[in-house]
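Chemist: Fold the following and give me the result.
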Amino acid sequence: MGEYISTTMKSAGIDIGGMVVDRSGARNCLAITEIVSPYQSGSYMYRENTADLLIEPREISEEYIRSSAAVMLSGTAFSRSPSREAMFAVVEYAKRNGTAVMLDLDYRPCGWKSREETALYYSMVSEKCDVIIGNREEFNAVEYMSMPGNSDNKRTAEAFLRKGTQLVVVKDGANGSCAYTSDGLIFECGVIPTAIKKTFGSGDAFAAGLLFGLFSGSPFSDCMELGSACASLVLAGISCADAMPTIEQAMIHLKRNPVHPHSECGSTA
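Modeler: Coordinates of the predicted model:
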């Protein structure tokens with residue numbers, strides 16, 4: 001399976017130089033999805049000793065990280081050892097070599113032992129990140145011990161920015177998203193009205209569009225709108241990875257369907 005995935009990624013033009021293949025015979029993560037209605041859909045993960053959580057610190061290449069502009073981490077990778085320690089190794093190599101560290105909180109309660117464990121490790125890694133992306137519920141998990149009960153997005157962002165984070169993006173579903181920068185700027189972005197078929201996958205699509213815009217040097221407001229366009233297209237499809245748009249598809253969708261304005265980046269209460 002590992003060789004099949006490698007071949008598929010390589011044929012799609014994806015650099016696989018840093019890929020590590022598990023040789024222990026561990027199972028891949030199994031995802032089961034359901035779509036009952038546009039408002040009742042979800043994904044269920046089997047991740048008990050799966051290959052993606054068995055990566056070890058010794059398998060992380062500092063040279064590969066040194067050659068990269070940024071590393072993008074998923075919060076799920078911190079939910080179990082040895083993947084947890086491997087991800088902290090990634091962070092340390094990145095900080096040592098001037099590579100930007102980005103974190104998608106990607107909080108899945110079933111993967112963690114307790115809310116306290118979740119808050120502890122998310123807090124440890126987030127203090128080392130340049131960019132943090134998550135929805136309100138995910139930030140609530142991070143703040144479970146440090147700011148319990150907080151629902152103010154600006155307060156959340158300021159707490160991270162004081163610790164050295166450069167950019168905090170808070171997604172709020174149909175209400176759009178807000179971004180807060182270390183130099184005091186606040187960006188608001190609404191959503192594209194979409195005939196939603198399911199919700200899973202839209203967060204990954206938003207992050208992909210946002211980061212593509214950032215690395216392309218686009219104005220930040222355009223980056224957020226591109227993220228919204230990507231999310232909209234995935235929300236309208238029935239699959240996850242297969243529904244991810246190309247940059248051309250996202251740009252056409254954005255041109256035909258302007259993003260509606262967002263009006264409030266303070267509190268969700």
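Chemist: only C-alpha atoms for contact and neighbour calcs from this point on.
Modeler: OK.
Chemist: Residue 43 - how many residues pack around it?
Modeler: Residues contacting residue 43 under the criterion other Cα atoms under 10 Å number 12.
Chemist: Could you verify that it is part of a helix?
Modeler: No - looking at residue 43 with DSSP: H, G, I helix; E, B strand; the rest coil, it is strand, so not inside a helix.
Chemist: what about the residue lying closest to it once chain neighbours are set aside, neighbour count?
Modeler: Leaving aside its sequence neighbours, residue 43 sits nearest to residue 33 (Cα to Cα, 6 or more residues apart in numbering; 4.2 Å). When neighbours are counted by other Cα under 10 Å, residue 33 registers 16.
Chemist: So for the protein, the centremost residue is which one?
Modeler: residue 104 (2.9 Å; Cα atoms, centre = their mean).
Chemist: any idea how far the helix or strand harbouring the residue nearest to residue 43 is from the chain center?
Modeler: If you go by DSSP states H and E, residue 33 is part of strand 30-37. Its chain's C-alpha centre and that of strand 30-37 lie 20 Å apart, by Cα atoms, centre = their mean, to the nearest Å.
Chemist: same thing with stretch 18-32?
Modeler: Here stretch 18-32 is found 20 Å from its chain centre; the criterion is Cα atoms, centre = their mean.
Chemist: before we move on, what about stretch 239-255?
Modeler: What separates the centre of stretch 239-255 from the centre of its chain is 17 Å, taken as Cα atoms, centre = their mean.
Chemist: List the contacts of it.
Modeler: The contact list for stretch 239-255 (Cα atoms under 8 Å, 6 or more residues apart in numbering) reads 200-201, 205, 209, 225-226, 229-230, 233-234, 237.
Chemist: Identify each buried residue in it, please.
Modeler: Residues 239-240, 243-245, 247, 250-251, 253-254 are the ones in stretch 239-255 that count as buried (16 or more other Cα atoms under 10 Å).
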